[in-house]
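> predicted structure and sequence below. I'll ask about it afterward.
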Amino acid sequence: MNSLQSRATGGTMFGILLALSFSHLLNDTLQSVISAIYPLLKDSLSLSFAQIGLITLVYQISASVFQPLVGVYLDRKPNPWFLPIGMSFTLVGLMILAFADTLHIVFLSVFLVGIGSSILHPEASRLTSLASGGKRGLAQSLFQVGGNLGGSLGPLLAALVIAPYGQRHVALFSILAVLAIIGMYPICRWYKRILQISGKRSGSAGKIAQSPFTKKKIVVSLLILLVLIFSKYIYMASLTNFYTFYLMHKFGVSIQTSQFYLFAFLFAAALGTLLGGPIGDRVGRKYVIWVSILGVAPFTLLMPHANLFWTCILSICIGLILSSAFSAILVYAQELLPMKLGLISGLFFGLAFGIAGIASAVLGNIADIKGIEYVYQICAYMPLLGLVTYFLPNIKSTH
């Protein structure tokens, strides 16, 4: 038993990391169904772009506000069964969404799906750090790539299953939710054993470590990271929620075709996520953040002026480069406060979701007033905020 504890807190548990990544994949596949069926909801319920943005806002608020609270609670009182509890909320929300015939019922359904996400992300990220064996960048990238692959599969499955047959086929995705709950069972058993072995309520390797920085430097660094999250997720919100409408409006492609282009962007984002963490382990998180945020600016500035082919190519480049930022930012923040892994995970996942939700509502209103193309003209400048990375202190890999 002592050997198991040593492996959990010292050696990299790749089996657990892959199981967590797979759970993240299924979760984010289900989460991404919401934005993927926006065109269907817009037509069937006669919604405006502003109302589409409000749907995203309701979802993102429920998926963001509760994440730091869940993280703080689980830092203090870890529970090995929280992951399947969260997925159960997602399952119920999807079943309601499949038969929603009013905007208010859609709000209820996406709120429940968001609650499921607010439970999974901070808890699974905390367990990822526990199973990392010190290779936090690699571990977070494996975890994040599962989510990004799931996010890219959602629109693809929606194009194949929902778009041709209608909204009620969302109910078929409940099969994936049940599969996710089953797949979480080995993780829950492993974590339960760790808690029993350690004999502590913390259940986190991060409780052992102390921050190497002063309180002032930690606060300043966290504020800079929040600016970078703000920059990244405003631009990502413009693509994940309105890219299909942009392609249909500017180039006249069909709903189904636009979802295949969205899949290409999201798949590139998944690949970038996989690369960002290990590179950060080797060369430092700060340099990955530099390249991923500021380095994407030339592509975002060019995209509003490109034809369909080059729009697709540029969006793939943007997804590949920009997506590598989050794992580096999250691990950087965890290394600033290694004793508060749950809080940091919940805070940063929550902020990512919250900023994306508010941005979606604001960008939806801008699209209604100024047109969908104008959205991409103004969002193109957001990556320039990556200049503030200069003020971050260097943190070397600790593994």
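Right, received. Where do you want to start?

> what about this protein, any weak spots by pLDDT?
1-12, 198-212, 353, 395-399 (pLDDT under 70).

> same question for the longest helix seen in the chain: list its buried residues.
Ranked by residue count and defined by DSSP state H, the top helix of the chain is helix 215-251. Residues 218, 221-222, 224-248, 250 are the ones in helix 215-251 that count as buried (16 or more other Cβ atoms under 10 Å). The way it works is simple: take the backbone N, C-alpha and C, and place the C-beta from them, glycine included.

> buried set for the next helix or strand after it?
Proceeding C-terminally, helix 215-251 gives way to helix 255-283 as the next helix or strand, assigned by DSSP states H and E. Across helix 255-283, burial judged by 16+ other Cβ under 10 Å covers 255, 257-281.

> which residues are contacting the following helix or strand past helix 255-283?
Sequence order places helix 285-289 as the next helix or strand after helix 255-283, per DSSP H and E. Residues outside helix 285-289 that contact it (Cβ atoms under 8 Å, 6 or more residues apart in numbering): 137, 228, 276, 279-280, 324-325, 328-329, 331-332, 335, 386, 389, 392-395.

> check which helices and strands the next helix or strand after helix 285-289 sits against.
Going down the chain from helix 285-289, the next helix or strand is helix 297-302, by DSSP H and E. Here helix 297-302 touches helix 308-322, going by 3 or more Cβ pairs under 8 Å, 6 or more residues apart in numbering; DSSP states H and E.

> now do the buried residues in the helix it packs on.
311, 312, 314, 315, 316, 317, 318, 319, 320, 321, 322.

> next, the angle helix 255-283 makes with that helix.
On the basis of axes from the mean of the first three to the mean of the last three Cα atoms, to 10 degrees, helix 308-322 is oriented at 30 degrees to helix 255-283.

> just the CA coordinates for helix 308-322, please, in PDB.
The C-alpha trace of helix 308-322 is given here as PDB (Å, rounded to 0.1, in the frame of the first residue of the first chain):
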ATOM      1  CA  LEU A 308     -12.400  30.500 -47.800                       C
ATOM      2  CA  PHE A 309      -9.300  28.400 -48.400                       C
ATOM      3  CA  TRP A 310      -7.000  30.700 -46.500                       C
ATOM      4  CA  THR A 311      -9.600  31.300 -43.800                       C
ATOM      5  CA  CYS A 312      -9.500  27.600 -43.100                       C
ATOM      6  CA  ILE A 313      -5.700  27.500 -43.200                       C
ATOM      7  CA  LEU A 314      -5.400  30.500 -40.900                       C
ATOM      8  CA  SER A 315      -8.000  29.200 -38.400                       C
ATOM      9  CA  ILE A 316      -6.000  25.900 -38.200                       C
ATOM     10  CA  CYS A 317      -2.800  27.900 -37.500                       C
ATOM     11  CA  ILE A 318      -4.600  30.000 -34.900                       C
ATOM     12  CA  GLY A 319      -6.000  26.900 -33.200                       C
ATOM     13  CA  LEU A 320      -2.600  25.100 -33.200                       C
ATOM     14  CA  ILE A 321      -0.700  28.000 -31.700                       C
ATOM     15  CA  LEU A 322      -3.200  29.700 -29.400                       C
END
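
> residues in contact with the helix or strand that it is followed by?
Sequence order places helix 325-336 as the next helix or strand after helix 308-322, per DSSP H and E. Residues lying outside helix 325-336 but in contact with it, judged by Cβ under 8 Å, 6+ apart, are 125, 129, 136-137, 140-141, 144, 206, 211, 213, 218, 221-222, 225, 228-229, 232, 273, 276-277, 280, 285-286, 288-289, 292-293, 341, 344-345, 347-349, 352, 392, 395, 398.

> which of the residues you listed count as buried?
125, 129, 136-137, 140-141, 144, 206, 213, 218, 221-222, 225, 228-229, 232, 273, 276-277, 280, 285-286, 288-289, 292-293, 341, 344-345, 347-349, 352, 392, 395.

> any idea how far residue 260 is from residue 382?
According to Cβ to Cβ, to the nearest Å, residue 260 stands 26 Å off from residue 382.

> should've said residue 37
To residue 382, residue 37 is 26 Å away according to Cβ to Cβ.

> what of residue 16?
36 Å.

> go ahead and list the helix or strand containing residue 363.
helix 341-370.

> packing partners for that helix?
helix 49-62, helix 66-76, helix 103-130, helix 215-251, helix 325-336, helix 372-379.

> relative to helix 49-62, how tilted is the third one?
Counting by the same axes, to 10 degrees, helix 103-130 lies at 40 degrees to helix 49-62.

> now the angle from helix 103-130 to helix 325-336?
Using the same axes, to 10 degrees: helix 103-130 against helix 325-336 is 60 degrees.
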